[in-house]
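>>> Requesting a structural model of the entry that follows:
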Amino acid sequence: MKLDRRKAPTSATHRDGEGQKKVARDYPSLVERLIQEAQEQGKFDHLPGRCKPLQLDDDRHAGEWALAFRILKNANVAPPWIEADKEVRHLRGALDRLLERSARASLLMRGRYRRELGQLVEAHNRAVEQVNAYAPTERQHRRRLVLENEMQRLEEAFGKKQP
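Residues are numbered from 1 along each chain as shown. Okay, here's the model as predicted:
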């Protein structure tokens with residue numbers, strides 16, 4: 001059976017409460033009628049949030065990106081620069097924890113801590129590059145870590161005595 005796509009229906013039909021076939025003049029009136037019937041039958045009476053204000057996101061600052069951000073949020077996905085920034089913060093926390101632990105490090109463990117610090121700084125700087133490449137403005141940019149400075153902080157932490 002071949003469909004003729006040129007001839008679109010000009011009216012929609014549905015059955016009323018008594019089973020009688022009804023013809024609606026156009027689609028919106030059919031939808032309105034179905035909503036009205038559902039309301040009369042009480043199908044909307046026990047919905048969550050009934051008689052409460054809608055909880056709308058405040059996205060007035062997103063501008064033309066508001067819809068895209070809402071779609072990403074509903075999918076539990078963030079823009080690439082946000083995900084990269086999360087990684088930067090995670091790595092910075094790992095670096096801080098390493099520096100805290102290093103005050104208790106034995107002489108044998110110091111080499112391992114130096115290698116771990118080098119890997120963390122490298123991973124941090126890669127994540128910073130991602131943030132800076134994708135962030136919409138410079139306000140969201142992050143600074144790279146300088147390995148020599150972080151090594152100096154580690155060496156200072158090695159010298160600290162734990163109380």
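>>> Any idea how many residues pack against Val88?
By other C-beta atoms under 10 Å, 22 other residues sit near Val88. (Each C-beta comes from the backbone N, C-alpha and C, glycine too.)
>>> got the contact list for it?
By C-beta atoms under 8 Å, 6 or more residues apart in numbering, the contact set of Val88 is His124, Ala127, Val128, Val131, Arg142.
>>> Checking it next. Helix, strand or coil?
Look at Val88: counting by DSSP: H, G, I helix; E, B strand; the rest coil, its state is helix.
>>> element containing the closest residue to it other than its chain neighbours, please.
With C-beta to C-beta, 6 or more residues apart in numbering as the criterion, Val88 has its nearest non-adjacent residue at 4.5 Å, and that residue is Ala127. For Ala127, the host element (DSSP states H and E) is helix 110-134.
>>> Report the rounded mean pLDDT for that helix.
Averaged over helix 110-134, pLDDT sits at 95.
>>> which residues are contacting that helix?
Contact with helix 110-134 is made by 79-81, 84-85, 87-88, 91-92, 94-95, 98, 101-102, 105, 140-145, 147, 150-151, 154, 158, as judged by C-beta under 8 Å, 6+ apart.
>>> Let's see which of the residues you listed end up in helices.
Among the contacts of helix 110-134, DSSP state H puts 80-81, 84-85, 87-88, 91-92, 94-95, 98, 101-102, 147, 150-151, 154, 158 in helices.
>>> Show me the shaky parts of the chain.
Within the chain, the segments meeting pLDDT under 70 span 1-14, 22-28, 56, 161-163.
>>> Now with 90, please.
By pLDDT under 90, the low-scoring segments of the chain are 1-39, 42-83, 103-108, 136-137, 158-163.
>>> before we move on, the earlier item: just the buried ones out of the ones in helices among the contacts of helix 110-134, please.
For the ones in helices among the contacts of helix 110-134, a burial check counting by 16 or more other C-beta atoms under 10 Å picks out 81, 84-85, 87-88, 91-92, 94-95, 98, 102, 150, 154, 158.
>>> Max pairwise distance over those: which two?
Longest distance between any two of those is 35.2 Å, between Trp81 and Phe158; criterion C-beta to C-beta.
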